[in-house]
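1. sequence and computational prediction follow.
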Amino acid sequence: MQAPDSESSYALIESFIVLYEMTGKDEWLLAAREQAAQFATWIVSYDYRFPEKSTFGRLGMRATGTCWANGQNRHSTPGICTGSGDALLRLYRATGQVVYLELLRDIAQTSPQYLSRADRPLQAMDHGKLIDQKPGWIMERVQMSDWETPYLPIGELYHSSSSWCEAALMLSSTEIPGLYVQPDTGFAWTFDHIDAQVLTHSGDTVTVRLTNRTPFPARVHTLVESSTDTHRPLGFTAIAECPMIELAAAETREVAFDARHRLSAAVGSHSSGRWQS
């Protein structure tokens, strides 16, 4: 009961930024920024070198963006318990500070690699033996210390799933856009596993080259707004109402965005303050 924890730290950011959005009072924005600086200290900022023969070592797992749960546990976790981190996007919209987007991208991009999939099952310890995790399972331990050795060595998992990790990953998918664009400033930022390169920017129009370098098709929720829109509360269902850009595996596309939120690829239009897909 006396161990500080990252969950409370993140929850305070969310509380403060929502209070700022609702009241417009700078005191809440200052509190959110100070709390975000503290919360960042809970996020792993480097890729730990797992033992080569461990499960994580064999798969080349990256630790950057994982989150230390509290001052008692000796492992980090794939995601925030239990949240997507979207308060950091809200904080960026209120401040224009890209550092919050960088922190959020680290967190959002690291979690999927710890999900066991049918085409890439993670192996886990079960009574001293390694067996495959079930598809869809995601275990909370990113083991970077020997605190549970010999029961759970560095770079290994228990044969189980953590419901809060699954919830955090689902929240990331529904609350964080895969692509964020401000046409009037020529700014584009990706959270999904795609690349975005600004090709041209003139007035309120920007053309972005999108590249999917993965072997999987990508369905990317795209949040497009002008710099003046950032002063309005985002709303808790904003991402669900955003249009979807689909990219095939290894596909590259050029998409034009304008300040009226229209995409040249005709994936959506903006009407009455809401996206209509």
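-> Happy to help now that I have it.
2. what helix or strand is S15 on?
-> helix 6-23 (DSSP states H and E).
3. so after that helix, what's the next helix or strand?
-> Taking DSSP H and E, what comes next after helix 6-23 is helix 26-40.
4. using CSV, write out every CA atom in that next one.
-> C-alpha atoms of helix 26-40 as CSV (Å, rounded to 0.1, in the frame of the first residue of the first chain):
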residue,chain,number,x,y,z
ASP,A,26,-4.4,27.0,-17.1
GLU,A,27,-3.8,25.6,-13.6
TRP,A,28,-5.1,22.2,-14.8
LEU,A,29,-2.9,22.3,-17.9
LEU,A,30,0.2,23.1,-15.8
ALA,A,31,-0.7,20.2,-13.5
ALA,A,32,-1.1,17.8,-16.4
ARG,A,33,2.3,18.8,-17.8
GLU,A,34,4.0,18.4,-14.5
GLN,A,35,2.3,15.0,-14.0
ALA,A,36,3.3,13.9,-17.5
ALA,A,37,6.9,14.6,-16.7
GLN,A,38,6.6,12.4,-13.7
PHE,A,39,4.8,9.7,-15.6
ALA,A,40,7.5,9.6,-18.3
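5. which strands or helices does that helix pack on?
-> On a contact count with 3 or more CB pairs under 8 Å, 6 or more residues apart in numbering; DSSP states H and E, helix 26-40 meets helix 6-23, helix 86-95, helix 99-110. In short, each C-beta sits where N, CA and C put it, glycine included.
6. so can I have TSV of the ones you listed showing distance to A240, mean neighbour count and mean pLDDT?
-> Below are these laid out as TSV (distance: least, CB to CB, whole Å; neighbours: other CB atoms under 10 Å; pLDDT from 0 to 100):
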stretch	distance to A240	mean neighbour count	mean pLDDT
helix 6-23	18	19	96
helix 86-95	12	23	97
helix 99-110	16	20	98
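7. can you pull out the strands in this protein?
-> 67-68, 76-77, 123-126, 129-132, 179-182, 187-190, 195-202, 205-211, 218-224, 244-247, 252-258, 269-271, 274-276 (DSSP state E).
8. ranking these by burial, who's on top?
-> Highest mean neighbour count of those: strand 76-77, a mean of 25 (counted as mean count of other CB atoms under 10 Å).
9. tell me the contacts of the closest residue to L122 other than its chain neighbours?
-> The shortest distance from L122 to any residue other than its chain neighbours is 4.2 Å, reached at S116 (CB to CB, 6 or more residues apart in numbering). Going by CB atoms under 8 Å, 6 or more residues apart in numbering, S116 touches 122, 132-138.
10. go with 6 Å
-> Residues near S116 by CB atoms under 6 Å, 6 or more residues apart in numbering: 122, 133, 137.
11. F39 and Y10 touch, don't they?
-> Yes - applying CB atoms under 6 Å, one finds F39 in contact with Y10, separated by 5.4 Å.
12. can I get the helices and strands packed on helix 26-40 in JSON lines with distance to A259?
-> Shown next, in JSON lines, are the helices and strands packed on helix 26-40 (distance: least, CB to CB, whole Å):
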{"stretch": "helix 6-23", "distance to A259": "22"}
{"stretch": "helix 86-95", "distance to A259": "16"}
{"stretch": "helix 99-110", "distance to A259": "20"}
